[in-house]
Structure formats: C-alpha cells, structure tokens
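*Asks:* Sequence and predicted structure are below.
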Amino acid sequence: MQTIVEQANRCSRSAIVKLPLYVLVLFLLQACHSLNIESARTLAEEGRNVAAAGSSQIFVSDMEFRNAREAEVFMHAYAGAEKPDQILEYYKSIMLELSKRKTVFTNLASLYAIFYDLSSNDAPARIETAVNNLGDAVNNYATTLSSAPFLSNESVTKAGAIAHAAMSARKKNMIMQSSVLIRERLHRLLKLLENPLVRQQLVTWKTNLAQNRAAVAQMLMSHGVLDATPLLNQMGSDAGLQGAPDAADIIRKNTRLSNGLEQVIVYRMQNNLLAIDKGYDATCKAIRELIHLHEQLEKGEPVTVASVRQAIAELQSIAEQLNK
C-alpha cells in the first residue's frame, strides 16, 4: 500500500484540489528542501526551555494550594464563620484547571525533546505519539474552559493523518510536518491562555492567594505566634545586622514597629502580585515567539532566537523572585 506522501507525489493537480490533505502534504514536501536541520535542533532546545520556564512560572505547588485553602479555613474560623465549602470547591476547580494546564506543558517539553532527537535521528513513531499526546492534552485542558476554543475531532484526525504520512518520509519531511503540527497546537494553547476569562481566572486566584496568606501572616504576627525576627534579619543583612534576641517581644509591644513590619509584608505581597501578572504575560510572549520560530523553520529561514531567549530569561527571573 502506498503511503500518503507517495500518493501525493503521484497524484494529478486536479486530484490535489479535491483532496485538501494532499495539498498540505505536497506543499510541505516542496518547502522542506530548504529546511535547515541545525535550525530544527536550535528550535527544539528553545522549545524545551519555554516549556520548563512556563511551567515553573504559571503553576503553583501543592504546598501553595494547601496554604491557600488553610488560610481560607483559618480566616473563617477566626471570624466565627462556618467552613467556606463553596470557596474550597472553587479552589478544587482551579486545581483541576491548573493540573490540566501543567499536563500541556509537560507534554510540550517531552515533544520538544523528541523533536530534537528527530533532527538527529529518525524517530517517527515517537514523534507521532508525542504530537498526539500534546494534542490530547490541549484538548483536555480546553474542555475545562467552557468558552474556550478547542481542537476539533476533524483537526485531530487530520493531524494524525499528516503525522502518519511523515512516518515513512525522509527526515526533513518528518521535521517539517512535525513542526506544522506542533505550531498548530501552540496556536490553540495561546488562544486558551489569551482568553480574557482564563487570564483573569488565574491572575485573580493568585491575587487572592497572596492577599489571604498576607492577611493570615499579619494576624498571626500581631498575636505573637509568628516571629518577625527572620524578616528583620533580611532587612538588616546588607548592613551586616541581625535581629536582637528579644526583637519579637519589642515589636509586639511597639505598635509603630509592628505596623511598619506589617506594611513590609503587604509591600512584598504586592510586588509578588505584579510579578504574577508579568509572568503570565511573559508566558504568552514566549509561546508567541516559539510559534514565530516554527514559521521561520518551515519557510527555510534561519531561526532567530534572541526574542524567545529574552522571554525565557524574563520568566526565569520572575520565577526566582516569586520563590524567594
């Protein structure tokens, strides 16, 4: 049985018009002669870096989830209110959304690792599986966002057919067609992330997370159950100073000192909120730049990585700030 690629090379022009899939395959075959394999390797490396940086920026750890939920429970109990079941259910839905989003980035990282191997060795079966896994992950993530676009069954089927055609073609054909499939999924992911409702959901959740944790920290410090000495040590470290042994007692007895330190806590949290917004935007920018690299590769142009590396550096810098 002839492969799709072999059939495409033998079909007439009129037949191609009737079969859009063949048109796309033929177009790719004509374009791949100018594809630079070294550029494909570079693209794969940048793709892995974007996936890693984006994952570390967007997704919070299980400990952060636990702290957020516990802060809600504490605040309601302290106020004499019942456990906030509705709010806790909201956190659960956010956890599901972020978990699926993290799966997308995990699959993206795995796909680029195999894409790199493909540019060095023939790895058709692995790239087909990885492409399908990424498509499934984007689809599953999209199902959690009722107003968001998603990959249709027709699109998935078409992508699978093209990927199958690539399996029996030459290395450049496989790289070219794999790049098209990856780029299509990056476009879908970017649409999801740039959806105003999705963005507001993530930013609002992290805003509430930071505000609740700051409020709890302030309250516990004011009651003397949290020690402010480590915060004092950080503030005096540049001058070689550290908190006095009885610093915590002095702070609790001095309203002006305690108010000052509470404002430092608020200031730090506000900076984190700004970093969260910047990080979300930088993630979208990195994906956008990655799509541009795929377009350059598919056109046979040299891939220019300065912009995507700048976006990666920005993501890494923000992640470091948030992890302090």
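*Replies:* Noted; the coordinates are in hand.
*Asks:* so how far is L315 from the residue positioned nearest the centre of the chain?
*Replies:* Computing the C-alpha centroid of the chain and ranking residues by Cα atoms, centre = their mean puts G54 first, at 3.7 Å. According to Cβ to Cβ, to the nearest Å, G54 stands 6 Å off from L315. From N, CA and C alone the C-beta is placed, and that goes for glycine too.
*Asks:* anything in contact with each of the two?
*Replies:* T283, A286 (Cβ atoms under 8 Å, 6 or more residues apart in numbering).
*Asks:* still on that earlier bit, find the residue closest to the residue nearest to the centre of the chain in space, skipping its chain neighbours.
*Replies:* Nearest residue to G54, sequence neighbours excluded (Cβ to Cβ, 6 or more residues apart in numbering): T283, at 4.6 Å.
*Asks:* Ok, Y116 next?
*Replies:* A44 (3.5 Å).
*Asks:* Is the one you found in contact with L111, as I believe?
*Replies:* No - with contacts counted by Cβ atoms under 8 Å, A44 stays clear of L111, the gap being 9.1 Å.
*Asks:* related to what we said a few turns ago, what is the burial count for the residue nearest to G54?
*Replies:* Residues within reach of T283, counting by other Cβ atoms under 10 Å, total 24.
*Asks:* Which pLDDT value belongs to it?
*Replies:* Predicted confidence (pLDDT) for T283: 88.
*Asks:* same thing with the one 10 residues further on?
*Replies:* Model confidence at L293, expressed as pLDDT, equals 95.
*Asks:* right, and the helix or strand after the helix or strand harbouring it?
*Replies:* Using DSSP states H and E, L293 falls within helix 255-298. Following helix 255-298 in sequence order, the next helix or strand is helix 306-323 (DSSP H and E).
*Asks:* Show me what that following helix is packed up against.
*Replies:* The contact analysis (3 or more Cβ pairs under 8 Å, 6 or more residues apart in numbering; DSSP states H and E) places helix 306-323 against helix 37-58, helix 255-298.
*Asks:* just the angle between the last one and helix 37-58, please?
*Replies:* Which is helix 255-298. Counting by axes from the mean of the first three to the mean of the last three Cα atoms, to 10 degrees, helix 255-298 lies at 160 degrees to helix 37-58.
*Asks:* If you count contacts, what does helix 255-298 end up packed against?
*Replies:* Under the contact definition 3+ Cβ pairs under 8 Å, 6+ apart, helix 255-298 sits against helix 37-58, helix 171-194, helix 196-222, helix 229-236, helix 247-253, helix 306-323.
*Asks:* try 6 Å
*Replies:* With contacts taken as 3 or more Cβ pairs under 6 Å, 6 or more residues apart in numbering; DSSP states H and E, helix 255-298 sits against helix 37-58, helix 171-194, helix 196-222, helix 306-323.
*Asks:* what angle separates the longest one from helix 255-298?
*Replies:* Orientation check (the same axes, to 10 degrees): helix 196-222 against helix 255-298 gives 150 degrees.
*Asks:* What of the last one?
*Replies:* Following the same axes, to 10 degrees, one obtains 150 degrees for the angle between helix 306-323 and helix 255-298.
*Asks:* If you count neighbours, what's buried in helix 306-323?
*Replies:* V308, A311, I312, E314, L315, Q316, S317, I318, A319, L322 (16 or more other Cβ atoms under 10 Å).
*Asks:* Go through those residues and name the one nearest A215.
*Replies:* A215 lies nearest to L322 out of the buried residues of helix 306-323, by Cβ to Cβ, at 18.6 Å.
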